[in-house]
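Novice: Sequence and predicted structure are below.
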Number of protein chains: 2
Amino acid sequence: MTRSTAWSRLAALLGVEHPIIQAPMAGGATTPELVAAASNAGGLGSTGAAYLKPEDIVKHSRRVRELTDRPFAINLFVPPPPPAEVAPDRMLAVLAGYHAQLGLAPPQPPSSPMPSFEEQVDAVAESGARVFSFIFGVPPAGVLARLKAKGMVLAGTATTVREAKLLEAAGVDFIVAQGSEAGGHRGTFAAPVEKSLVGTLALVPQVADAVGLPVVASGGLMDGRGIRAARVLGAAGVQLGTAFLTCPESGIAPVYKAALREAKDDSTVLTRAFSGRPARGLANDFTEALRDSPDILPFPLQHAATTPLRGASAARGDSRFMALWAGQAAALSRGLPAAELMRALIEESERGA
Amino acid sequence: MTRSTAWSRLAALLGVEHPIIQAPMAGGATTPELVAAASNAGGLGSTGAAYLKPEDIVKHSRRVRELTDRPFAINLFVPPPPPAEVAPDRMLAVLAGYHAQLGLAPPQPPSSPMPSFEEQVDAVAESGARVFSFIFGVPPAGVLARLKAKGMVLAGTATTVREAKLLEAAGVDFIVAQGSEAGGHRGTFAAPVEKSLVGTLALVPQVADAVGLPVVASGGLMDGRGIRAARVLGAAGVQLGTAFLTCPESGIAPVYKAALREAKDDSTVLTRAFSGRPARGLANDFTEALRDSPDILPFPLQHAATTPLRGASAARGDSRFMALWAGQAAALSRGLPAAELMRALIEESERGA
């Protein structure tokens, strides 16, 4: 199959003009306005719905459908096995210092902040989304069969060839290959994280060789150069997250957008400090303070434990204690409105093609 | 400047037909036969001379010149500041267990194994090499001026934009941008390693935007897909190391070649276990045993301390205690003779160009 055939076949599967996906980003970045603008401009918008309650998934999707009649995607986290019992005392003591500094009430023992996955899936099934994408593993077979039967297109996230093969065996329609450059959570679920930080340029051809499905490249893509490179490497589509964070439609805090405008290629680190799972973001006081900390709680308890601190930090315009998820090419951010950005990506991706 | 212009201008600067560089790899991989075959086939062969005594650099280069009249490169390590005084006792105790297991005499306190850099430079100046490349920093201005005055082309290795700018300011002729996928030592010299593991796809366009010099992409490149992607990203040339390790002309041990043939995308780790500096290689018993060890000595003392163990391990065909440097796309190794590999890379790099 030629490159241009793979590209247009994935576009047809997604029901879009161009298989350029605005990445799902949990935590509020992917407003209905952002998702709809990406889809209206000819790509595919995605809602990062992992932390949304089922009723909020329904509301969010209704609003997206008011803003566009084009296809869009919804993404969920596959629930991890319940974490082992851990005493949160030492982490709470660490956080208490920051709480005192910001005048917050002392931190409380955390409980899982995640809504019921089954109920989230119910909401996705009724959302009108064309694509269901997921990360952190493989959902139960019944979930995939049910959404497939609704006519939805299924996409899993792989950080290694092994994970891509597991997803193919589970029956997904395409694979998002997440290179180590990517901002936000690592999707890794079947390898130690230190062995699964495979760069996009190395990962995409190996995944493309190993599976018979369309591969969507993600990680470090910000402009037409990255998109055209991904196509050369064998990708049938691309997914860009960080590139959309600085759009006016993105729901992140102004101080976070400002931090992205200052980012350099060597500004990011992998950290478990905010959620308990490794994720890439701009280094700040909190990532430095908790580097190598043995007290970090398992996901999602660390996420719950840091919620008040992250929230207060964002509300005060203080980036020191916020999760500033960003990929390694954040310095190439443009701050364009989402529709303009998507149109620019489409135009650049076709130059010399 | 168009892509094809940048490509042919770098070729002209190097004096080769195609700016495809067989990477310098210290430690014996880059035999005169490998270097000459890469150059004779139309690319640029490189000798990894960092651990070679000056007289061996002279001998090696004489042999290369017997085998080819085409340009070739020599690479050295820029000497680090002398390491702080450290007591090696705990590392020697760790190594003693492995020595006993292999029937070796007890390990001895290490001393620096590095030849005099100034004398190595003398040898490079007389070697007949057209290109002097280096890693781990910026050589003294006098060294660069002297080799430049001999008509040599100078290349420094950068893992971040900041490092590329430092090299440009020092007057090099081109930059090797080493992405995180690369096998062997990280070239990082002006950033914490954890922030400078920038994937090739993210690094190359950012470096190309930041400097006015030709940029050579390295890290994860194994075939025409990687080479063409690098060109799209803004590279004026490419450098491939792991791809040449499995050539019959490569000087690595048979058991190391066998390990490369089994490599997967998630087989490598970054480790300081062998030399004291972070480097990427296939995980094995030694990298696992020394993971996060606080007893690892600073470079180059750890290299000296592990030399007997690495040597005995290789001699016995036992890969457990050897440094198995490899990039993250080692699974795409082909095992072709070097000339055939270089010709294939040239042919593939031009497909659809």
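Specialist: Received the coordinates, thanks.
Novice: From chain B, how far out is residue A:291?
Specialist: Distance, residue A:291 to chain B, using Cβ to the nearest Cβ, to the nearest Å: 8 Å. Yep, even glycine has a C-beta here, placed from its N, CA and C like the rest.
Novice: my bad, residue A:283
Specialist: 7 Å.
Novice: show me what contacts that residue?
Specialist: A:267-269, A:271, B:195 (Cβ atoms under 8 Å, 6 or more residues apart in numbering or on different chains).
Novice: mind checking pLDDT for residue A:1?
Specialist: As predicted, residue A:1 sits at a pLDDT of 64.
Novice: before we move on, the earlier item: now, which of the contacts of residue A:283 lie within helices?
Specialist: Using DSSP state H, no member of these sits in helices.
Novice: Those residues: which two are farthest apart?
Specialist: The largest separation in those, counting by Cβ to Cβ, is between A:267 and A:271 at 12.5 Å.
Novice: tell me the phi and psi of residue A:279?
Specialist: phi -150, psi 150 (degrees, to the nearest 10).
Novice: what's the answer for residue A:193, then?
Specialist: According to degrees, to the nearest 10, residue A:193 has phi -60, psi -40.
Novice: Now do the strands in the stretch 201-350 of chain A.
Specialist: Assigned by DSSP state E, counting those that start in this stretch, the strands in the stretch 201-350 of chain A fall at A:215-218, A:237-240, A:268-271, A:279-282.
Novice: just checking, what packs against the second one?
Specialist: It stands for strand A:237-240. If contacts are counted by 3 or more Cβ pairs under 8 Å, 6 or more residues apart in numbering or on different chains; DSSP states H and E, strand A:237-240 sits against helix A:3-14, strand A:20-22, strand A:215-218, helix A:224-233.
Novice: So what touches the last one?
Specialist: Translated: helix A:224-233. Where contact means Cβ under 8 Å, 6+ apart, the residues beyond helix A:224-233 that reach it are A:3, A:7, A:20, A:200-201, A:204-205, A:208, A:217, A:220-221, A:238, A:240, A:329, A:344-345, A:347-349, A:351-353, B:201-202, B:205, B:225-226, B:228-230, B:232-234.
Novice: So among the residues you listed, which ones count as buried?
Specialist: A:3, A:7, A:20, A:200-201, A:204-205, A:208, A:217, A:220-221, A:238, A:240, A:329, A:344-345, A:348-349, B:201-202, B:205, B:225-226, B:228-230, B:232-234 (16 or more other Cβ atoms under 10 Å in any protein chain shown).
Novice: Count the neighbours of residue A:243 for me.
Specialist: Per other Cβ atoms under 10 Å in any protein chain shown, the neighbour tally for residue A:243 reads 28.
Novice: before we move on, what about residue A:87?
Specialist: 10.
Novice: Phi first, then psi, for it.
Specialist: Main-chain torsions, residue A:87, degrees, to the nearest 10: phi -80, psi 120.
Novice: min pLDDT across the contacts of residue A:283, which one?
Specialist: Ranking the contacts of residue A:283 by pLDDT, residue B:195 lands last with 94.
Novice: What ranges does chain A have for its helices?
Specialist: For chain A, the helices defined by DSSP H occupy A:3-14, A:32-40, A:54-67, A:89-101, A:117-125, A:141-149, A:161-170, A:200-210, A:224-233, A:242-245, A:254-261, A:285-289, A:301-315, A:338-350.
Novice: which ones are touching residue A:154?
Specialist: Residues in contact with residue A:154, defined by Cβ under 8 Å, 6+ apart, are A:131-133, A:144, A:147-148, A:171-174.
Novice: out of everything not next to it in sequence, what's closest to it?
Specialist: Nearest non-adjacent residue to residue A:154, counting by Cβ to Cβ, 6 or more residues apart in numbering or on different chains: residue A:172, 4.5 Å away.
Novice: count of neighbours near that neighbour?
Specialist: Residue A:172: 26 neighbours (other Cβ under 10 Å).
Novice: Up against chain B, what does the stretch 251-353 of chain A have?
Specialist: With Cβ under 8 Å from any Cβ of the partner chain as the criterion, the stretch 251-353 of chain A comes near chain B at residues A:264-270, A:283, A:327-329, A:331-332.
Novice: By neighbour count, which of these wins?
Specialist: That'd be residue A:328 among those, by other Cβ under 10 Å, with 35 neighbours.
Novice: Next up, phi/psi of that residue, please.
Specialist: Residue torsions, per degrees, to the nearest 10, at residue A:328 are phi -80, psi 0.
Novice: quick one: it from residue B:286, how far?
Specialist: Counting by Cβ to Cβ, to the nearest Å, the gap from residue A:328 to residue B:286 is 29 Å.
Novice: ok, now residue A:225?
Specialist: Going from residue A:225 to residue B:286 by Cβ to Cβ gives 39 Å.
Novice: Over to residue A:254?
Specialist: Residue A:254 is 49 Å from residue B:286, by Cβ to Cβ.
Novice: Tell me which of those two has more neighbours.
Specialist: The residue with more neighbours, out of residue A:254 and residue B:286, is residue B:286; 25 against 9, by other Cβ under 10 Å.
Novice: for that one, what are its contacts?
Specialist: So residue B:286 contacts B:98, B:273-274, B:309, B:320-322 (Cβ under 8 Å, 6+ apart).
Novice: Among those, pick out the one closest to chain A, please.
Specialist: Closest approach to chain A among these (Cβ to the nearest Cβ): residue B:273, at 13.2 Å.
Novice: Tell me who's in contact with the closest one.
Specialist: Residue B:273 is in contact with B:286-287, B:289-291, B:293, B:296, B:302, B:306, counting by Cβ under 8 Å, 6+ apart.
Novice: swap the cut-off to 10 Å and go again
Specialist: For residue B:273, the contact set (Cβ atoms under 10 Å, 6 or more residues apart in numbering or on different chains) comprises B:94, B:279, B:281, B:284, B:286-291, B:293, B:296, B:302, B:306, B:321, B:323.
Novice: Would you write a ChimeraX line that selects the buried entries of the residues you listed?
Specialist: Here is the ChimeraX command that picks out the buried ones among these, judged by 16+ other Cβ under 10 Å:
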select /B:94,279,281,284,286,287,290,296,302,306,321,323
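Novice: Which one of the contacts of residue B:273 is nearest to chain A?
Specialist: Nearest to chain A among these, with distances taken as Cβ to the nearest Cβ, is residue B:291, at 8.4 Å.
Novice: Can you name the residues in contact with stretch A:100-113?
Specialist: Applying Cβ under 10 Å, 6+ apart, the contact partners of stretch A:100-113 are A:51, A:79, A:82-83, A:87-89, A:91-99, A:275-276, A:297, A:299-309, A:311-313, A:315-316, A:318, A:320-321.
Novice: Now for the nearest residue to residue A:332 once chain neighbours are set aside, how many residues are close by?
Specialist: Distances taken as Cβ to Cβ, 6+ apart place residue A:222 nearest to residue A:332, at 3.8 Å, with adjacent residues excluded. When neighbours are counted by other Cβ under 10 Å, residue A:222 registers 26.
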